[in-house]
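# Sequence and predicted model, in that order:
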Amino acid sequence: SIVAAAALSTSIAHAQTTWPAKPVRFIVSQTAGSAPDIIARLVADRLAKPLGQPIIVDNRPGGGNVIGSQAAARAPADGYTFFFATAAALVTNPYTFKSLPYDPVKDFVPVGMIGKSPFLLAAHPSLPAKSFADIIALDKATPGKLTFASDGPKGFAGMLGEWLNKVAGTRIVQVPYNVNSQGVQDTVAGRTNLTIQAIAPVLQFIRRGELKPIGVSSAARYPGQPDVPALSETLPGFAFVGWFAIVAPTGTPNEAILKLNRDLDAVLKSEEMIAKLREFGFYNDGAETPEATGAFIRAEYASWGKVVKEIGIEPE
């Protein structure tokens, strides 16, 4: 009957406007105070208003992002738990660990991008090099003498350095550090010639003239540092960025995914948020669509597989 049809359409409309009916949780696989945590809290704080519910940031650090990833994969797919995922959790862990207690492809569905963050190759000011082409020439003149501070052979910076060596034919020696800041300090002190880091932690040293920027790892120059060349200007096609994305446990209601994506997009496109993200070395084009986010993650998964194989990393 018309009455029944009207009642049904009203109940469908009601169901579509009931999410979220309680607080939402973001699982972060890093410690409180880390870059993913700070950005997750910034986003959560701004998203609470359009959602009409608070967003709780739940830190589950440890195990190279494995503990948080597993918790997110096993969370109920009811639209109230999302994973604030790092690139390591979704695309590099499958290649660096022999086995994982979660499947980054099957256990999650994409919601939206947060931002992409290039890495910065920076040198001690005394190094006679202004560009990566200069670094290649120095290395050719004194093979195996140049050193770069990294976060370890299976860390992003370590893998980026070895991929640079592979692509450029250089033999820059990796010096791994358990604590990133120590690697920066040792390059400032001249104990290592170069360091590869996320942009945010090294900007203060560059501003003080204690490090000099050589190149960024994004395909084009980073908007926050337009004077610093992209490594791709010396090595055409070279691109290697870190990123954060929001994903949900597989089976999460589409209504929750689409609403979160729309609200996230509006938050990320605000001038305040663009400026805030830039402070941390991130840039974005809004949240993009869930489909575009999924396509990006799949492409990253494939390209990381190639990098890991080429540089000879064995999963442990």
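Arrived safely, thanks for sending.

# just the helices in the stretch 201-316 of the chain please.
With DSSP state H, counting those that start in this stretch as the definition, the stretch 201-316 of the chain shows helices at residue ranges 254-268, 271-279, 290-310.

# P143: neighbouring residues, count only.
Counted with other CB atoms under 10 Å, residues neighbouring P143 total 11. For the C-beta atoms, the positions are set from N, CA and C on the backbone; glycine is no exception.

# how about the helices of the stretch 201-316 of the chain, which one is nearest G224?
Comparing the helices of the stretch 201-316 of the chain against G224 with CB to CB, the closest turns out to be helix 271-279 (4.7 Å).

# list the helices and strands that closest one packs on?
With contacts defined as 3 or more CB pairs under 8 Å, 6 or more residues apart in numbering; DSSP states H and E, helix 271-279 has these neighbours: helix 35-51, helix 254-268.

# quick one: the longest one to helix 271-279, angle?
Going back to what we said before, that points to helix 35-51. Relative orientation of helix 35-51 versus helix 271-279 (axes from the mean of the first three to the mean of the last three CA atoms, to 10 degrees): 170 degrees.

# Tell me the buried residues in the helix or strand just after helix 35-51?
Next helix or strand after helix 35-51 toward the C-terminus (DSSP states H and E): strand 55-59. If you call a residue buried by 16 or more other CB atoms under 10 Å, then strand 55-59 has these buried ones: 55, 57-59.

# Please produce a markdown table containing those residues, extended by distance to A73 and pLDDT.
Shown next, in a markdown table, are the buried residues of strand 55-59 (distance: CB to CB, whole Å; pLDDT from 0 to 100):
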| residue | distance to A73 | pLDDT |
| --- | --- | --- |
| I55 | 19 | 98 |
| V57 | 18 | 98 |
| D58 | 14 | 98 |
| N59 | 16 | 97 |
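
# Could you say which of the helices of the stretch 201-316 of the chain is packed most deeply?
Compared across these, helix 254-268 shows the largest average neighbour count, a mean of 19 (mean count of other CB atoms under 10 Å).

# Identify the residues contacting that helix?
Contact partners of helix 254-268, identified using CB atoms under 8 Å, 6 or more residues apart in numbering, comprise 15-16, 19-20, 24, 43, 46-47, 50-51, 79-80, 82, 109, 111-112, 114-115, 246, 248, 273-274, 277, 284, 286-290.

# let's go with 6 Å and repeat that
The contact list for helix 254-268 (CB atoms under 6 Å, 6 or more residues apart in numbering) reads 16, 19, 46-47, 50-51, 79, 111-112, 273, 284, 286-287, 290.

# Take the helices and strands packed on helix 271-279 and write them to JSON lines, including mean pLDDT and distance to V228.
Formatted as JSON lines, the helices and strands packed on helix 271-279 follow (pLDDT from 0 to 100; distance: least, CB to CB, whole Å):
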{"stretch": "helix 35-51", "mean pLDDT": "95", "distance to V228": "19"}
{"stretch": "helix 254-268", "mean pLDDT": "98", "distance to V228": "24"}
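
# Do you have the strands of this protein handy? List them.
For the chain, the strands defined by DSSP state E cover 24-28, 55-59, 81-86, 108-123, 147-150, 173-176, 194-198, 212-216, 241-249.

# Remind me what the longest one packs against, helices and strands.
By that I understand strand 108-123. Contact partners of strand 108-123 among helices and strands, from 3 or more CB pairs under 6 Å, 6 or more residues apart in numbering; DSSP states H and E: strand 194-198, helix 199-207, strand 212-216, strand 241-249, helix 254-268, helix 290-310.
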